[in-house]
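[1] Have a look at this prediction, sequence included:
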Amino acid sequence: MTEQQKAILVGKALTKQFKGLIANDQVDFTLNKGEILGLIGPNGAGKTTLVNMISGSLSITSGDVLFKGKSIKGLKPYQIGRLGIARTYQIVKPFARMTVLENIAVGAMFGRQTKKQGVRRALDMAGQIVSFVGLEKLKNQQADQLSVASRKRLEIAKTLAMNPEVVLFDEVMSGLNSNEIDAAVVLIHQIRDQGISIIVIEHVMRAIKAISDRLFVLHHGEKIAEGPPADVLNNKEVIQAYLGKRYQQAAIP
Amino acid sequence: MGIAVVAVAAALPFILNNFTLRTATDILIFAILASSWNIIGGYTGYASFGNIVFFGLGAYTTAICMTTLGLGFFPSMVLGGLLSGMYGYLVGLPILRLKGHYFAIATLGLAEATKALVQNLNITEGNSGMYLPIPDFSIDASYRFFYFTSLGVLLIMLLATHFILKSKFGYGLIAIREDEDAADSIGINTTLFKSAAFGLSGFFSGFAGAIYAYQQGFIKPEPVFAVTSTVKMIVMAVFGGIGSLWGPTIGAITIELITTYLRDYFLVIHTLFFGSIIILAILFAPKGIYDIFTGRKKLGIVYFLDNIRKNRV
Amino acid sequence: MLTQVIINGLLKGGLYALMAMGMSMIWGVMNIINIAHGSFIMLGAYITYWLFVGFGMDPFVSLPLSMAVIFLLGWLIQKYLINLVVQADIFITLLLTFGIELLINNLALVFWTADVRKVQVGYGAANFQFLGATVPYVRLAAFIMALLISAILFQLMNRSRVGRAIRATSQELDAAKLSGVRVGNIYASTFAIGTSLAAAAGTLWAILFPISPTMGGILTLKSFVVTIIGGLGTMLGPLVGGLILGIAEALGTNWFGSTYENLISFVIFLVVLIFMPRGILGSRR
């Protein structure tokens, strides 16, 4: 495949400016088909802002986002969702008073439709997905009664139900313990194996190293590195960003 | 069970005297209003404080259609519903961008603005009020006519709502209520859905207004656009249980029966009743009496005190 | 002619500003929309009326009295009633204050009947000429009084301990709690100040216009309009909003006719809500 055919989601000089603050400054990135791109950076680097621009929740001040070669700038969140880009929220947003199954079914009802998706079909599809993510036993529980780990899984399940080509995972592992993180890594790999391209924002370093095919790093709203994990994590600027100048000198290769 | 209720309701006109039948009809009209409110307030989560505007529009449209245009009642009623529904949809588009408090008072402003508009238009005879043609039935028949029309509208409405709840549209509305951002991201065109819900709510309320207008024979802006009535329908819905199909109807029946009973026997208390009941209901049972009967784990005084404990500062 | 209209609007606007100040405060600090606001205006008006009719007390003299009485009433209502539901769904508090409004209005109807009444002060007709317009002294006095009370409120909120505690609570509830602020009492004080401002407006209203137990409803709505135009979160908001509404109504009724007064107010209301929900000076909320 050529470079262009490989890339499914491309950001070009994406900039987001709030009244006085520039949250994202001329950020370029490329997400290739079938890969997992890790997005890392210190707190406040602008990672969620970038995801918000891609998903349409925030308007783009300047720059563009191309999905399968076509610009999606200016589209509303629901339109982007229907095109095949799904996202999770850092602070999960379940439909509290619906059951787990119903939550997932909503994703199937309104996401990318490859064939007519009525309520019946959506519930069936939800039944399959609930098993895939391991929430089978809780499928009739009301969403607001789930534990943190289960809520994160539900958040992921809802995106899958949308039949997406690209998913944006915003810190789906925060608040999870060690075992739960391992399980999440496995799940994310399984999702990638289904042919879905993924951008993962994460702070848990070992998880990010385990799942990412490539990494890109934001700091103060700017991209400071992009490439294979080994290269990026040894990049001087990246280390400096996370740990400060003094540690940079003592960095272990 | 529902069939039994409907059967009883259908038999009532043949048992009750006209006066009581009239009360029953009023109850049905409130049930329609409370259930309509529930569509936008209960299922979609946008508490409108101005739904009375649809009632008034329905009333006036019917009056104008029957007098100026010379149409029959049923076409006029339908037009009343359609006009109110369209109004709700169109005005909903900008207004539903507001959330919470802002939306609530915007709807208040909408009702007041529409009332003020009606008071200044020629076609509505401004503040003087409009007369409607007198129904061409015998006295008994006319009481029954209004009763059955209201009953019919209520039942059709509840049936429609029932199917909506099981449809994509219904799931969409509840998703919007639970988390609008998540609903947006998941692919729901929230603007369209919300406005449609508001329009639907207006549509049925318009029918209620139409029936009221024809029944009264004479309408003026103040009573048909009275904000107190919006609150009444909200209280009925909340009291009976918002977000449930029969809740608002149960609430309407309960509240109206109590109000009427008090009016007949304790006139002074009656006027204070409504304010007091709202206060008490809000304090002790914010989820409604329907909630009390359907699967509360704790009952009795503990339930009520618990509600206060959860909500106090 | 135009000058007369504008001056009338300005003077009425000052009164609107005072009316809205209490509501704006309660809304801004506690996120409570007090639908009963107009009822407190009405009560203030009636206290003045009965003191005037019963004891011959001049309305300007009875102003602090009516404020004090309603302060107490407001304090009790907030502390023992509204505080119980402050954390619940927004429309629960809306319904509660609506219930309170109904209760107060109906009690007033029962005790005072629906008759319209008027405080007829001897100096009511006296006026002077200014820029070609006729200005009744009472109107000017009411306007000045309104501004004065606003200024006092401003000082109170910025300089006093209570004022600072109120502002702290409104900005950071949890931090305020941790600093030892008794939130329940702060809320009660805030509500009490808000309602006493309404009472003051009621007293001034009684001097200028007729009163009845149901006068509050439309005044609550007008207070909404003023609050929204000016914006929440500032003391100046209601002032700006009040003056704008006063002038807009005066100009509007002059051009279209007096029956258009409410239509003008509510159209402005809707337009501002839809296009500028934060209002002219508004902040966060």
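    Arrived safely. Numbers count the residues shown, from 1 in each chain, chains lettered A, B, ... in the order given.
[2] Contacts only, for B:Gly100.
    Neighbouring residues of B:Gly100 by CB atoms under 8 Å, 6 or more residues apart in numbering or on different chains: C:Ile90. The way it works is simple: take the backbone N, C-alpha and C, and place the C-beta from them, glycine included.
[3] Next, the contact list for B:Phe163, please.
    So B:Phe163 contacts nothing (CB under 8 Å, 6+ apart).
[4] what's the spacing between it and B:Gly45?
    Here the distance between B:Phe163 and B:Gly45 works out to 20 Å (CB to CB, to the nearest Å).
[5] One more: A:Thr114?
    The spacing between A:Thr114 and B:Gly45, counted by CB to CB, is 31 Å.
[6] Low-confidence ranges, the stretch 51-200 of chain A, go.
    Under the criterion pLDDT under 70, no range of the stretch 51-200 of chain A is flagged.
[7] Could I get the full set of strands for it?
    Listed in chain order, the strands of the stretch 51-200 of chain A (DSSP state E, counting those that start in this stretch) span residues A:62-67, A:70-71, A:85-87, A:166-170, A:197-201.
[8] Next, the buried residues of the longest one.
    Of the residues in strand A:62-67, those buried by neighbour count under the rule 16 or more other CB atoms under 10 Å in any protein chain shown are A:63, A:65-67.
[9] Can you tell me the number of residues neighbouring A:Lys12?
    With neighbours defined by other CB atoms under 10 Å in any protein chain shown, the count for A:Lys12 comes to 16.
[10] With B:Ala106 instead?
    Close neighbours of B:Ala106, defined as other CB under 10 Å, add up to 27.
[11] Just confirm it is within a strand.
    No: according to DSSP: H, G, I helix; E, B strand; the rest coil, the state of B:Ala106 is helix, so it is not within a strand.
[12] now it: how far from C:Ala201?
    B:Ala106 sits 24 Å away from C:Ala201, taking CB to CB as the criterion.
[13] got it, and A:Ile54?
    Distance check for A:Ile54 against C:Ala201: by CB to CB, it reads 51 Å.
[14] More neighbours: which of the two?
    C:Ala201 (31 against 25).
[15] residue contacts, that one?
    Shown here is C:Ala201, whose contacts under the criterion CB under 8 Å, 6+ apart are C:15, C:18-19, C:22, C:41, C:44, C:146.
[16] residues contacting the residue nearest to it when sequence neighbours are not counted?
    Closest residue to C:Ala201 in three dimensions, ignoring its sequence neighbours and counting by CB to CB, 6 or more residues apart in numbering or on different chains: C:Met19, at 4.1 Å. Taking CB under 8 Å, 6+ apart as the definition of contact, the neighbours of C:Met19 are C:41, C:198, C:201, C:205, C:219, C:222-223, C:226, C:242.
[17] Also C:Leu270?
    With contacts defined as CB under 8 Å, 6+ apart, C:Leu270 is in contact with B:95, B:106, B:109-110, B:113.
[18] what about stretch A:131-143, start to end distance?
    Length of stretch A:131-143, first residue to last, CA to CA, to the nearest Å: 16 Å.
[19] Tell me which residues are up against it.
    Stretch A:131-143 is touched from outside by A:94-101, A:103, A:127, A:130, A:146, A:150-151, A:153-154, A:156-157, A:160, A:183, A:187, A:190, with contacts defined as CB under 8 Å, 6+ apart.
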